[in-house]
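Asks: Here is a sequence together with a model predicted from it:
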Amino acid sequence: MHKDFRRKEPKEKDVIITIKRLGINGEGIGYYRKKIIFIPGALPGEVVVAKITQEFPHYLQAELIRIKEKSPDRVDFPKGVSLEVGGLELAHLAYPKQLEFKRDNVLEALKKYHPRGYSKYKVKNTLPAPDQWQYRNKAQYQIEQDHHETSLGLFAPNSHQLYDLPEMPTQNKATQRTERAIKKLVNQLHVPIANPYRNSAGLKTIVVRQAQATQEIQVTLITVGHELKNLLKLSQEIMNLSNVVSVYQNETDWRNPQVWGNKTEKLAGKKQITEEILGKKFALSPRAFFQLNSVQTTNLYSEALKFLDLKPDQTLIDAYSGVGTLGILAADQVSQVIGIETIPEAVSDAQHNVELNHIKNAEYLQGSVEKVLPSLQKDGVPIDSLIVDPPRTGLAKSLIKTLLKAKPQTFVYISCNPSTLAQDLVLLTEAYDVRLIENIDMLPQTPRCECITKLTLRK
């Protein structure tokens, strides 16, 4: 085991710390006895009293007890929700400073990994979100029952402590209202709730997603086990809730560390809900990825398409294509679009969305990008332009090698993780110059952001 993970019981409890800066997850950072100390909820410039909760060889974790000297950038934390709930890590920081922090995160990542020419990159100011509250279009709440008391909400980060959420200030009102109504129905119908300590079957997670354009709501009941008492009755009652048009069941088991299982079936209503971006329609099934901030998604994709600088005779490869959003939005600017995606339901949605928007020059293929792209190249498909929107882990090294061989003239990298972006740029800048990086604030009140990077083949 790596020695950093050998935790000791702290010998000293309360300490006074001056906060120097924010960490990548939004926690305050200071120093105590030459060790770095992480204190969630503390801001740069503040002097705080903190309680050391975990001690590691090279750093300390602490809990904020009180603030002795307050930052002028501190704002009131939203009422009615616990400080321990994830997704509000920056809610105590004034919004303009949140935007500065997110840009600084990109600069710090570049400085840490120093890809070629990084000091000369143009890193634009973070584009603010139109709505800083009630913007999230999907609620994914866990449900538990203890002594006949039902809790529905979110786990505290890195724990199994569930916090009941009558209200979540970043979640849109319709999804919250639906979650609370489903909780009541579960209790009324005595639908069994999964118990991790007994490994018992039951309802485990309730996912509610709303399409901004149509206001349609899709509900997915994630269960341990398949046949549950009154589950079909529950789905019928859910269909009577305002704006709900679709109810699904997704089946998982206790061995699966992920929230979602692999088996999904429709219990009631429509197959998909329909969202709209820049005049194009997108049908969404439960497991298909879609950005959580519908309004800001329009700005994200508009900027990404500008960065691509597409030409009518080009073939655009849309890697990690999801439900086909970017490729379909770009289809009328190029000769051909080819999308690549691993999740079968998303590929099916993308193919449906091509038909929905009467597009004739786009096709979507299932498979990993690192395997499909070389196959396309071998078949003589021109890879003129490329857009990638990978998960937080970034691009597979095998894919980067393929890109360096294929050498598309320009490509755009949309990243939700500045650290993996900077690491990938170390390899990509062997052949490419970074022209521009822009941060789009998709998730206000959190440290997360989306970076759009424009890369051009070096001549």
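Replies: Structure received.
Asks: Now do the helices in the stretch 1-150 of the chain.
Replies: 95-113 (DSSP state H, counting those that start in this stretch).
Asks: Sketch out the low-pLDDT regions of it for me.
Replies: 1-12 (pLDDT under 70).
Asks: In the stretch 351-459 of the chain, what residue spans correspond to strands?
Replies: For the stretch 351-459 of the chain, the strands defined by DSSP state E, counting those that start in this stretch cover 362-366, 385-388, 410-415, 432-440, 450-457.
Asks: Gln249 pairs with what?
Replies: Leu221, Glu265 (DSSP bridges).
Asks: gap between it and Val219?
Replies: Applying Cβ to Cβ, to the nearest Å, the value for Gln249 to Val219 is 10 Å. Placement of C-beta: from N, CA and C, glycine included.
Asks: How about the contacts made by the nearest residue to Arg66 once chain neighbours are set aside?
Replies: Computed as Cβ to Cβ, 6 or more residues apart in numbering, the closest residue to Arg66 that is not its neighbour in sequence is Val49, at 5.0 Å. Listed by Cβ atoms under 8 Å, 6 or more residues apart in numbering, the contact set of Val49 reads 14-17, 64-68.
Asks: my read is Ala330 is in a strand, agree?
Replies: No: if the criterion is DSSP: H, G, I helix; E, B strand; the rest coil, then Ala330 is helix and not within a strand.
Asks: My read is that it contacts Asp309, right?
Replies: No: counting by Cβ atoms under 8 Å, Ala330 does not reach Asp309; the two are 11.0 Å apart.
Asks: Between these two, point out the one with more neighbours.
Replies: Using other Cβ atoms under 10 Å as the criterion, Ala330 and Asp309 rank with Ala330 on top: 21 against 15.
Asks: how much space between the more buried one and Asn158?
Replies: 39 Å.
Asks: same check, this time on Ser246
Replies: 33 Å.
Asks: what about the two, which has more around it?
Replies: More crowded of Ser246 and Asn158, by other Cβ under 10 Å: Ser246, with 24 against 7.
Asks: before we move on, back to that, turn the contacts of Val49 into JSON lines, including neighbour count and distance to Lys35.
Replies: Converted to JSON lines, those look like this (neighbours: other Cβ atoms under 10 Å; distance: Cβ to Cβ, whole Å):
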{"residue": "Asp14", "neighbour count": "12", "distance to Lys35": "16"}
{"residue": "Val15", "neighbour count": "19", "distance to Lys35": "11"}
{"residue": "Ile16", "neighbour count": "12", "distance to Lys35": "15"}
{"residue": "Ile17", "neighbour count": "23", "distance to Lys35": "11"}
{"residue": "Leu64", "neighbour count": "20", "distance to Lys35": "17"}
{"residue": "Ile65", "neighbour count": "15", "distance to Lys35": "18"}
{"residue": "Arg66", "neighbour count": "8", "distance to Lys35": "22"}
{"residue": "Ile67", "neighbour count": "16", "distance to Lys35": "21"}
{"residue": "Lys68", "neighbour count": "12", "distance to Lys35": "21"}
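Asks: Nearest residue to Ile343 in space, please, no chain neighbours.
Replies: Arg287 (6.1 Å).
Asks: Could you do Gln296 as well?
Replies: Closest to Gln296 by Cβ to Cβ, 6+ apart is Ala129, at 4.8 Å.
Asks: Closest to Ala181 out of the contacts of Val49?
Replies: Sorting these by how near they are to Ala181, with Cβ to Cβ, puts Leu64 at the top with 35.2 Å.
Asks: ok, how many other residues are close to Ala350?
Replies: Counted with other Cβ under 10 Å, residues neighbouring Ala350 total 29.
Asks: what separates it from Val323, distance-wise?
Replies: Applying Cβ to Cβ to Ala350 and Val323 gives a distance of 5 Å.
Asks: If Tyr32 is in a bridge, with which residues?
Replies: Taking DSSP bridges as the rule, Tyr32 bridges to Lys35.
Asks: Understood, closing this out.
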